[in-house]
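*Asks:* turn this into a structure:
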Amino acid sequence: VGNTESSDGDVSANNGGKDMWVVKLDGSGGMEWESSVGGTMDDFGIDAVELAGGGYVIVGSTDSNDGDIGPGHHGMRDVWVVELSSSGSVMSSVPLGGSDNEYASSVIADGNGFFVTAHSSSMDGNVTGNEGASDVWLLRLNDQYTIDWEVSYGGSDDDYSSDAAHVQGGGFIILGSTHSSDGDLSGNNGSRDLWVLRVDNAGALIWQMNYGGSGFDIGSSIEQTDDLGFFILGSSNSSDGDVEGNNGGNDYWVIKLSSTSGIGEEEMREVAILPNPSEGMVSVLNPLSEERAELFVYDQAGRSVHQQLINGPRANVDLRHLAGGTYQLLIRSGRSLASGSVLIR
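*Replies:* As a prediction, the model looks like this:
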């Protein structure tokens, strides 16, 4: 999946400007078919998933309001969702966005629908919120490509998405970059930081961390590893902060994160939970600091089942809505972490 301005050679047609170009190769690299999809303006393909029953769903961006896009374009540039048949014919085409610019970055098939990551500068149309400038935008689409829900993440400056992946136990990890140091961000190391967001299946933000130095640090791809951590590929021209050295200009930057999002984290401390076992109402002793911290509760499948902000060294946590069983508590303050487990009877 990509884009093309050609209408000769391996490219059979062009609708105008740049077209989304989809190529199907056989196991030896030979072309089985290709398809140019778009309108008279510029149209781009970014990511694709294969459908279980055959065919493909592709996400990209479009400036067009004609041709394969059809009516419904919202503004300057829209996220564009296209379903192709197994032979490359357009089966469905849906532009999504607001009056400003939206850029798709990834699509993930999930049951009877899809999760799409993008970034958006709008606060109208299909976009219900914006923290300022460009935000990371997450959409849940049903199998008819209409929006079940959508949510924006970011701060007052520009925030971008680049990739996403399923997380074992539920939810998603989103990779991007940010110029912000407020809103959903807890700080910024310099000019532009690599940004990682962990969200649950309903789009609620579980945790986020930014990494980098005083220069430009950008993430491009992310996947979960066998130890439930994360492997990130990006680029950096920093040589300070989280970046150990630079060979000149922009370097490849490879990062391995733990399952709780850390590089260079402090040693995990222990959380005291009283009473334990409990009927569901517990008192948590925070060993990190007396400042604000985030508390997360996970079930044995790794799903986030409760989260709240805590202030000071002690907090009351109501877990009476949870079924009986053992749960893991995680407290995060900056890069400091503490954990413990509680048995709910």
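
*Asks:* kindly export stretch 319-331 (C-alpha atoms) in CSV.
*Replies:* This file holds the C-alpha atoms of stretch 319-331, laid out as CSV (Å, rounded to 0.1, in the frame of the first residue of the first chain):
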residue,chain,number,x,y,z
LEU,A,319,-12.7,-2.1,44.5
ARG,A,320,-16.1,-3.5,45.6
HIS,A,321,-17.3,-3.5,42.0
LEU,A,322,-14.8,-6.2,41.1
ALA,A,323,-15.4,-10.0,41.2
GLY,A,324,-13.5,-12.0,43.7
GLY,A,325,-9.9,-12.9,42.8
THR,A,326,-6.4,-11.6,42.9
TYR,A,327,-5.6,-8.2,41.3
GLN,A,328,-2.3,-6.4,40.7
LEU,A,329,-2.0,-2.7,41.7
LEU,A,330,0.5,-0.4,40.0
ILE,A,331,1.4,3.1,41.1
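
*Asks:* buried residues, it. List them.
*Replies:* Buried residues in stretch 319-331, defined by neighbour count with 16 or more other Cβ atoms under 10 Å: 319, 327-331. Where C-beta positions appear, they are placed from N, C-alpha and C, glycine not excepted.

*Asks:* shaky segments in the stretch 51-200 of the chain?
*Replies:* In the prediction, the stretch 51-200 of the chain carries no residues with pLDDT under 70.

*Asks:* just grab the bridge partners of the residue nearest the centre of the chain for me.
*Replies:* In the chain, the C-alpha nearest the mean C-alpha coordinate belongs to Ile174, at 2.3 Å (Cα atoms, centre = their mean). Beta bridges link Ile174 to Ala164, Leu197, judged by DSSP bridges.

*Asks:* give the contact list for it.
*Replies:* By Cβ atoms under 8 Å, 6 or more residues apart in numbering, the contact list for Ile174 reads 117, 136, 138, 153, 161, 163-164, 196-199, 222.

*Asks:* PyMOL command for the buried members of those residues?
*Replies:* Those of those that count as buried under 16+ other Cβ under 10 Å are selected in PyMOL with:
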select buried, resi 117+136+138+153+161+163+164+196+197+198+199+222
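
*Asks:* list the contacts of stretch 202-211.
*Replies:* With Cβ under 8 Å, 6+ apart as the test, stretch 202-211 has contacts from 138, 140, 149-151, 153, 171, 178, 184-189, 193-200, 217, 241-242, 255, 260-263, 294, 296, 304, 307, 332, 335.

*Asks:* revised request: answer the last question for stretch 312-326.
*Replies:* 278-286, 290, 295, 297, 299-300, 305-306, 308, 310, 327, 329, 341-345.

*Asks:* any of those buried? List them.
*Replies:* The neighbour count (16+ other Cβ under 10 Å) marks 278, 282, 284, 286, 295, 297, 299, 305-306, 310, 327, 329, 342, 344 as buried among the contacts of stretch 312-326.

*Asks:* most widely separated two among those residues?
*Replies:* Asn286 and Asp299 (21.5 Å; Cβ to Cβ).

*Asks:* what's the offset of the helix or strand hosting Arg140 from the middle of its chain?
*Replies:* Assigned by DSSP states H and E, Arg140 falls within strand 135-142. Centroid separation for strand 135-142 versus its chain: 9 Å, with Cα atoms, centre = their mean, to the nearest Å.

*Asks:* if we go by neighbour counts, what in the next helix or strand after it is buried?
*Replies:* Going down the chain from strand 135-142, the next helix or strand is strand 147-153, by DSSP H and E. By neighbour count on 16+ other Cβ under 10 Å, the buried set for strand 147-153 is 150-153.

*Asks:* same question, stretch 185-197
*Replies:* Buried positions in stretch 185-197, judged by neighbour count with 16+ other Cβ under 10 Å: 185-186, 188-190, 192-197.

*Asks:* over to stretch 14-25?
*Replies:* By neighbour count on 16+ other Cβ under 10 Å, the buried set for stretch 14-25 is 14-15, 17-22.

*Asks:* alright, calling it a day.
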